[in-house]
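S.K.: here's my sequence, what's the structure:
(2 chains)
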Amino acid sequence: MSIGVVIILLFLFIPLVVGFYAGTKAEGSSDDYFIQGRAMGSIAVFFTVAATWWSAFAFLGSNASFYTSGPIYLTAFAWNIFFGYLYFVVGKRVWFLGKKFNYVTPSDLLGEFYNSEKMRILVGFIVVVFTVPYLQIQLTGGAYLIQVASGDVIPFWLSALLFYVVIIIYVWVGGMRAVAWTDIIYGALLFFGLLFAGFYIAGEVGGARMMFEKLSATRPEHLTLPGPLGDSGYAAWISLCFITAIGALMGPQLWLRMYAVKEGKLFNLMPFLITFVAISYIGSVLVGWTGVLTMPGVENADQILPLMITEYAPFVIGALVLSAGAAAAMSTANSQIHAVSAIMTKDLYQRYSNPNAGNEKLVQVGRYFIVLFSVVAYFLALFAPGVLVAIGLIAFGGTAQLIVPTVGALFWQRSNAAGGITGLLAGTILMVLLTFVPGLESPFGLDPAMWGLVVNTLGFVIVSVLTPSRDKETVTRFAIALEEFKQTPNHPEENIN
Amino acid sequence: MKEKHIYIILVIVVMLMLEGPFILMANKIESMIFGLPFLLFWVLLWWLIATILFLVAFLRNWGNNNP
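M.R.: Sure, this is the predicted structure:
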């Protein structure tokens, strides 16, 4: 058995141990299972947020992007800044309201604020529909990395299967706590893995400085927008930044990570931490651009990091770095499966099928949904592989639409359900049409999701103003809560309702 | 002006420098600074500024006096 397989098995085994240990801390309540009883500490929150939003899309896709499309992915530094800041501004308010009114899912907050069952269903629908394809990307990326790291000893279908069996087991046992704790390991692994890979690979051409010089002498088109293909210019630059940051923030997995936080003060620190870790994208810059010099013409650009690391690094280092990539995929996938299962359990099962379900029953149903979604994603990964960046952007574009009613709920009293629903439907439908209907071009080269956001906002504001206000009681309740937030942002009074 | 508003303005400035049309002016290779192509240097410069800004903001509780 090769050393690569040993590393991979260790990589799969350690989270199991952590997961079972987390399981021993479980308190049996559904709040504990889904959002760790709103008591997640600072280190876990930071790592689970960072690692969750740092997906296979970031790990493989970033290197691929520098390799094929020039510097467009540098916009990632800005999206970390923006995301970190949004997590503070939007996330902290969501957390505050969640703690005050006892929310677990995005639909809880939006459905209740807009006092609308339709809103609740629409939000649940959007987060699930746009999360599952993204989940499948994680699986495809992660399984591919495991396959390569094992030196092709483990075939793709088996890698994917192992990947999911491990996740199912530890999420089943430990819920949110297990996800967060394993994310600490994954987060650290992928942060150092990516940076290390970059500097190691750039060493092949005499170091980073030399690499930039050679590239500017021989392939300068790779160093400026719109890149060698000419298709990654300014419009793509801003689209990628805003859609990625907003879409990730509004994803159910991140939303649950707002509710789970123990102390409000942590949100004050997140912009700094999230911005700081963007430094590891330097690793992708170095990998992708060194690849342009030393390994031109690779057809599937997602493979550039695995190819280079297996070519240039000793096998052990290669396997470790690839494990880091698989960690990126796993840390996102575990959170997505967990979040989608939480939504189906709370928003669908508990609300419409069994409102009186006890804690044990809810946790049990949550576990069944975890298995169900894993199986769906597994088959999607086997039969529908695709280019990571493209699909990732559509998924983010869908969840990104939720930012409009969310910001409306937090900052605009006059907003109402008719506006929110109109905006969401118009924005999402426009985005899907612009993406999938042949012949329909997105104006100015902006991403369809950006136009979705524009139409969404317009529809939201216009219809809200033209239709009657929300009922007085709800308006007052939220106005008081948000005023309280202004006075004591770090301390919501416990459940007043 | 309140301290918390200063942070908001500074975040907007940083985002404008990275995502506004200014990025097109920085979209060049020369002159290389610290061996980095200018665009990369520009992005890293504003990234660094943002990192420091957020650290200062955290240490000063985002200008909020409430506990």
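S.K.: list the contacts for residue A:201?
M.R.: A:286-287, A:290-291, A:308-309, A:312-313 (CB atoms under 8 Å, 6 or more residues apart in numbering or on different chains). Glycine gets a C-beta too; all of them are placed from N, C-alpha and C.
S.K.: get me the contact residues on chain B for chain A.
M.R.: Neighbours of chain A within chain B, by CB under 8 Å from any CB of the partner chain: B:11, B:14-15, B:18-19, B:21, B:23-24, B:27-29, B:32, B:35-37, B:39-40, B:43-44, B:46-47, B:50-51, B:54-55, B:57-58, B:61-62, B:64, B:66-67.
S.K.: write the PyMOL selection for whichever of those residues are buried.
M.R.: To isolate the buried ones among the residues of chain B next to chain A in PyMOL, judged by 16 or more other CB atoms under 10 Å in any protein chain shown, type:
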select buried, chain B and resi 11+14+15+18+19+23+27+29+32+36+37+39+40+43+44+46+47+50+51+54+55+57+58+61+62
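S.K.: wait, which of the contacts of residue A:201 is closest to chain B?
M.R.: For the contacts of residue A:201, the residue nearest chain B by CB to the nearest CB is residue A:286; the value is 10.8 Å.
S.K.: is it true that the closest one touches residue A:203?
M.R.: No: between residue A:286 and residue A:203 there is no contact under CB atoms under 8 Å: 9.2 Å.
S.K.: what's the local residue count around residue A:41?
M.R.: Around residue A:41 there are 13 other residues, counting by other CB atoms under 10 Å in any protein chain shown.
S.K.: ok, residue A:183 next?
M.R.: Neighbour count of residue A:183, defined by other CB under 10 Å: 29.
S.K.: show me where chain B dips below the pLDDT cut-off.
M.R.: B:65-67 (pLDDT under 70).
S.K.: pull the longest helix from it.
M.R.: In chain B, taking DSSP state H as the definition, the longest helix is helix B:38-59.
S.K.: just the residues contacting that helix, thanks.
M.R.: Under CB under 8 Å, 6+ apart, the answer for helix B:38-59 is A:71, A:74, A:77-78, A:81, A:84-85, A:212, A:223-225, A:268-269, A:271-272, A:275-276, A:278-279, A:285, B:7, B:10-11, B:14, B:17-18, B:23, B:26-34, B:36, B:63.
S.K.: what are the ranges of the helices in the stretch 351-497 of chain A?
M.R.: In the stretch 351-497 of chain A, the segments counted as helices under DSSP state H, counting those that start in this stretch are A:359-383, A:388-400, A:403-411, A:417-436, A:448-466, A:472-487.
S.K.: where's the closest residue to residue A:52 other than its chain neighbours, which helix or strand?
M.R.: In space, and not counting its chain neighbours, residue A:52 is closest to residue A:335: 4.3 Å by CB to CB, 6 or more residues apart in numbering or on different chains. Element membership for residue A:335, per DSSP states H and E: helix A:315-343.
S.K.: buried residues, that helix. List them.
M.R.: Buried residues in helix A:315-343, counted by 16+ other CB under 10 Å: A:317-343.
S.K.: who's more crowded, residue A:286 and residue A:203?
M.R.: Between residue A:286 and residue A:203, residue A:286 has the larger neighbour count (other CB under 10 Å), namely 26 against 16.
S.K.: measure how buried residue A:441 is and give me the count.
M.R.: Residues lying near residue A:441 (other CB under 10 Å) number 9.
S.K.: please report how far the residue lying closest to it once chain neighbours are set aside lies from residue A:461.
M.R.: Excluding the flanking residues, the one nearest residue A:441 by CB to CB, 6+ apart is residue A:434, at 7.7 Å. The spacing between residue A:434 and residue A:461, counted by CB to CB, to the nearest Å, is 21 Å.
S.K.: compare the two (neighbour count), which wins?
M.R.: Of the pair residue A:434 and residue A:461, residue A:434 is the one with more neighbours under other CB under 10 Å, namely 20 against 17.
S.K.: contact partners for that one?
M.R.: The contact partners of residue A:434, by CB under 8 Å, 6+ apart, come to A:440-442, A:448, A:451-452.
S.K.: and if we set it to 10 Å?
M.R.: By CB atoms under 10 Å, 6 or more residues apart in numbering or on different chains, the contact set of residue A:434 is A:397, A:440-443, A:446-452.
S.K.: how about residue A:188?
M.R.: Applying CB under 10 Å, 6+ apart, we find residue A:188 in contact with A:47, A:50-51, A:324, A:327.
S.K.: what of residue A:129?
M.R.: Contacts for residue A:129 (CB under 10 Å, 6+ apart) come out as A:395, A:398-399, A:428.
S.K.: ok, 6 Å please
M.R.: Applying CB atoms under 6 Å, 6 or more residues apart in numbering or on different chains to residue A:129 gives no contacts.
S.K.: how close does the residue nearest to residue A:490 when sequence neighbours are not counted get to chain B?
M.R.: Of all residues not flanking residue A:490 in the chain, residue A:264 sits nearest, at 3.4 Å (CB to CB, 6+ apart). Separation of residue A:264 from chain B (CB to the nearest CB, to the nearest Å): 10 Å.
S.K.: state the pLDDT value of residue A:264.
M.R.: Per-residue confidence (pLDDT) for residue A:264: 88.
S.K.: doesn't residue A:485 make contact with it?
M.R.: No: applying CB atoms under 6 Å, one finds residue A:264 not in contact with residue A:485, separated by 9.1 Å.
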